[in-house]
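# Sequence first, predicted model second:
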Protein chains: 2
Amino acid sequence: MKARVTVTLKNGVLDPQGKAIEGALSSLDFSGINEVRQGKVFDVDLENTNKNEAEKQLETMCEKLLANTVIEDYSFEWINS
Amino acid sequence: MKARVTVTLKNGVLDPQGKAIEGALSSLDFSGINEVRQGKVFDVDLENTNKNEAEKQLETMCEKLLANTVIEDYSFEWINS
């Protein structure tokens, strides 16, 4: 089973990388951009075919390694492959 | 309008960062992981309220700055906020 885990910064956490992208977009003459925030995405391919078990496994992975839950939120969705 | 742009490596492109995460997950005793691939996500808040125009603007942004189209694929979806 394939899942896509998305990790984004929580609201209020400063995102210098996003600000740099905003700056780069303005210097490329893109206008009307209010905000850019950057996050990470992980495509995880699991052997487990039991959806409930796989979800629990993914949640533990996010808590332990993929996301820093002090400053980041995570979510995941299943991908049909 | 808010959009979420997801940039992932094309199939066949080596992903050492993903491999490192696989290794880290194994050393944390997670088993049954076939593959991990890492990508990037950008949450872009645009002033433009015309969906067609905003989509064109986003596509140009991806081609010019957000994605390296030689090795990366991009996709985007609208987020209700």
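Nice, I can see it.

# In three-state terms, label A:Phe42 for me.
Following DSSP: H, G, I helix; E, B strand; the rest coil, A:Phe42 is assigned to strand.

# shaky segments in chain A?
For chain A, residues meeting the criterion pLDDT under 70 lie at A:81.

# Show me which residues of it sit near chain B.
Contact residues (C-beta under 8 Å from any C-beta of the partner chain) of chain A with chain B: A:6, A:8, A:18, A:21, A:24-25, A:28, A:30, A:32-48, A:57, A:60-61, A:64-66. Yep, even glycine has a C-beta here, placed from its N, CA and C like the rest.

# What subset of those residues is buried?
Using 16 or more other C-beta atoms under 10 Å in any protein chain shown as the burial test, the residues of chain A next to chain B include A:6, A:8, A:18, A:21, A:25, A:30, A:33, A:36-46, A:48, A:57, A:61, A:66 as buried.

# Just the ones of the residues you listed in strands?
Mapping these onto strands (DSSP state E) picks out A:6, A:8, A:33, A:36-46.

# Check those residues and tell me the two furthest apart.
Greatest spatial distance in those: A:Ile33 and A:Leu46, 36.5 Å, computed using C-beta to C-beta.

# For A:Cys62, which residues are in contact?
A:5, A:7, A:69, A:74, A:76 (C-beta atoms under 8 Å, 6 or more residues apart in numbering or on different chains).
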